[in-house]
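Novice: return atomic coordinates for the entry below.
(chains A and B)
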Amino acid sequence: MKRLITTILTTLAVFTTAHAKELLNVSYDPTREFYTEVNNAFAKHWKEKTGQQIRINQSHGGSSKQARAVIDGLDADVVTLALAADIDAIAGRGLLPADWQKRLPKNSAPYQSTLAFLVRKGNPKGIKDWADLAKPGIQVITPNPKTSGAARWNFLAAWGWALKTLGDEAKAQAFIAALYKNVPVLDAGARGSSTTFQERKIGDVLINWENELLLALKEHPGQYEIVVPSLSILAEPTVALVDKNVDRKGTREIAQAYLEFLYSDEGQNLAGKHYYRPSNPDILKKYKDQYPDLMLFTIDEVFGGWTVATKKFFDDGAIFDRIYLK
Amino acid sequence: MAPAVSSKRRRPRKPDRRILPGFGITMGITISYLTLMVLIPLSAVFLRSAGMGWEAFWRAISGPQVVASYKVTFGVSFLAAATNVFFGFIAAWVLTRYRFPGRRLVDAMVDLPFALPTAVAGIALTALYAPSGWLGQYLYPLGIQSAYSQTGIFIALTFIGLPFVVRTLQPVIEGLDSEVEEAGASLGASRWRVFWQVIFPSLLPAALTGFALAFARAIGEYGSVIFISGNVPLRTEITPLVIVKFLENYQYPQATAVACVMLIVSFLLLFLINLLQRWSESIGQARG
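Specialist: Below is the predicted model:
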């Protein structure tokens, strides 16, 4: 009898500790390959440091869809999403404090990226800058800003360029309306747009994450060219730990270490390897040859942050809805 | 058909005398099951949108993009279901009336759209009908935009609706007595007249049921359509996508408001079709 009890207790102990050593990272669409590698590296690092075996699960999808899943109860320990607004939405439901972005260095953005164009080999339509995308007869592929984080960055990059080059808001809106008239397919996410452009051969130009474009060049050599616009937006995908979930699961310590690992030299190098821009300037220097050289503006500079930008452009009946009505 | 109808009319007077007991318990289970599986989820939809107030509700369901999506969804679903009634009838007729090698295989193929995950169907159809696809490369030069257009939505909705029509018509065609047709023919009716006055009336109720099922399925379809549709507002956006868009922007009440509209319209349409079906049944009976 005594032996039976010990067996049960040890089994229970094994199960509970095994349970404590699982971490769920809920992320956006094109980060699959990057986080697979980060997770392996971190598991090794954690084993060396503490002797604990851990398992990190990852979940990917459109950024706001993922945020909604976490709000609805997906047990994420950490969220690594395409834009701060989506983590704000989770914070709005009380799962983490509203000032979450101040808890980690660089506004909680361990790596950065930007948006550029992919055109077919030889650039047959002669696309050079944002202005060309609004010309008649050009087909532009970009996802739907209502469902995709990347698409929101695309939209804001185009708007920022138009505002600076054309001078005022009315002209910027006319430009954006002309650009979206040229979009025959609005996919739900960034990967979907890549598929439409590359597999279905639709469109003359694809606007997408810099890392997705570099990946396309690597996977389909000789088929595409990257065109770098004169101006684009500095995209800062952000990360946070979900307080309510880690406290309930008792994983705060590992989750915190996991996020800090993204800022470590090893984590930063992995970001560079997967074509993200490391936020650590020394490591960024090491990879600088792989990134196109272009002028970047931030969302805070031009738009005053995500809350303002969302309300102005992407809410129901806001500018993105209105450009279709004319 | 005629004997079946007359036996229906002469129903035994005493319904209490059943061979198997258990009305109480089966009715109880039915009510609880329906409440749990259908009524509670559906009322949750209404409850969630109830909190938003009439004005906000109206604004959510009457936006120009939302209204455009109703037209696309209900219009294209109607066309797809109607097309399926025509071709589904032919398929069902061939499968029940004739014997040919490979019949069982073709019969099983009809069910494929049921079994295939809709996303897989969507991806497969898009790969086929996109300008670079096997079929698309021939259709596009003819001026038929077979993907990323309303035509694309039509193709997807026709695909998923086909089994509903075939499977509702098949048993009825099987039950049609070919002697009745022969009788008609021997009395001098032309083939055309035999079809319109003998076969058509007896198939109409089942055809309407098949239509209603295919139509209802098409209205709610999301998975296969989003791949082949361009999802461009006002032109190729279906109502389920509008709902998803609201959800992705954390506008739960607006999403449920549009869902309510879909529910009510679908219910009314189904109810109407049901009435039509009753009416056509009574016509069929009067003739029989």
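Novice: can you map out the helices along the stretch 201-326 of chain A?
Specialist: Here the stretch 201-326 of chain A has its helices, by DSSP state H, counting those that start in this stretch, at A:210-219, A:243-249, A:252-263, A:265-273, A:281-287, A:299-303, A:306-309, A:319-322.
Novice: between those helices, which one is closest to B:N249.
Specialist: Across those, B:N249 has its closest neighbour in helix A:319-322 (10.6 Å, CB to CB). The C-beta positions use only the backbone N, C-alpha and C, and glycine is treated the same way.
Novice: need the contact partners of that closest one.
Specialist: Identification of contacts with helix A:319-322 by CB atoms under 8 Å, 6 or more residues apart in numbering or on different chains yields A:P145, A:K146, A:F155, A:Q173, A:I176, A:K312, A:F313, A:F314, B:G63, B:Q65, B:P233.
Novice: redo those residues as JSON lines? Include neighbour count, secondary structure and distance to A:S113.
Specialist: Below are those laid out as JSON lines (neighbours: other CB atoms under 10 Å in any protein chain shown; DSSP: H, G, I helix; E, B strand; the rest coil; distance: CB to CB, whole Å):
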{"residue": "A:P145", "neighbour count": "22", "secondary structure": "coil", "distance to A:S113": "17"}
{"residue": "A:K146", "neighbour count": "25", "secondary structure": "coil", "distance to A:S113": "21"}
{"residue": "A:F155", "neighbour count": "26", "secondary structure": "helix", "distance to A:S113": "16"}
{"residue": "A:Q173", "neighbour count": "18", "secondary structure": "helix", "distance to A:S113": "26"}
{"residue": "A:I176", "neighbour count": "20", "secondary structure": "helix", "distance to A:S113": "22"}
{"residue": "A:K312", "neighbour count": "15", "secondary structure": "helix", "distance to A:S113": "23"}
{"residue": "A:F313", "neighbour count": "20", "secondary structure": "helix", "distance to A:S113": "20"}
{"residue": "A:F314", "neighbour count": "22", "secondary structure": "helix", "distance to A:S113": "20"}
{"residue": "B:G63", "neighbour count": "18", "secondary structure": "coil", "distance to A:S113": "33"}
{"residue": "B:Q65", "neighbour count": "16", "secondary structure": "helix", "distance to A:S113": "30"}
{"residue": "B:P233", "neighbour count": "24", "secondary structure": "coil", "distance to A:S113": "27"}
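Novice: contacting residues for B:I173?
Specialist: B:I173 is in contact with B:A92, B:W93, B:T96, B:R97, B:L203, counting by CB under 8 Å, 6+ apart.
Novice: related to what we said a few turns ago, what is the nearest of the contacts of helix A:319-322 to A:D132?
Specialist: A:I176 (14.4 Å).
Novice: for the closest one, report the pLDDT, please.
Specialist: In this model, A:I176 is scored at 96, pLDDT.
Novice: quick one: contacts for it?
Specialist: Residues near A:I176 by CB under 8 Å, 6+ apart: A:F155, A:A158, A:W159, A:A162, A:I319, A:I323.
Novice: apply 7 Å and report the result again.
Specialist: Counting by CB atoms under 7 Å, 6 or more residues apart in numbering or on different chains, A:I176 touches A:A158, A:W159, A:A162, A:I323.
Novice: ditto for A:R252
Specialist: Counted by CB under 7 Å, 6+ apart, A:R252 has contacts A:V246.
Novice: again, only using 8 Å
Specialist: A:L241, A:D243, A:V246.
Novice: cool, and B:G230?
Specialist: Contacts of B:G230 (CB under 8 Å, 6+ apart): A:P184, A:V185, A:L186, B:Y148, B:S149, B:G152, B:T236.
Novice: of all the residues you listed, which comes closest to A:A76?
Specialist: A:L186 (27.4 Å).
Novice: ok, that closest one to chain B distance?
Specialist: 5 Å (CB to the nearest CB, to the nearest Å).
Novice: B:T126 contacts B:S229, doesn't it?
Specialist: No: B:T126 is not in contact with B:S229 according to CB atoms under 8 Å; the separation is 9.3 Å.
Novice: overlap in contacts of the two?
Specialist: Common neighbours of B:T126 and B:S229 (CB under 8 Å, 6+ apart) are B:G152.
Novice: from the contact counts, what lies against the helix or strand hosting B:E55?
Specialist: In this structure, B:E55 sits in helix B:54-62 according to DSSP states H and E. In terms of contacts (3 or more CB pairs under 8 Å, 6 or more residues apart in numbering or on different chains; DSSP states H and E), helix B:54-62 is packed against helix B:252-287.
Novice: and B:A189, what pLDDT?
Specialist: With respect to pLDDT, B:A189 has a value of 85.
Novice: so which strand or helix has residue 152?
Specialist: In the absence of a named chain, this looks at chain A. Using DSSP H and E, A:R152 sits within helix A:149-166.
Novice: ah, no, chain B please
Specialist: Element membership of B:G152, judged by DSSP H and E, is helix B:150-175.
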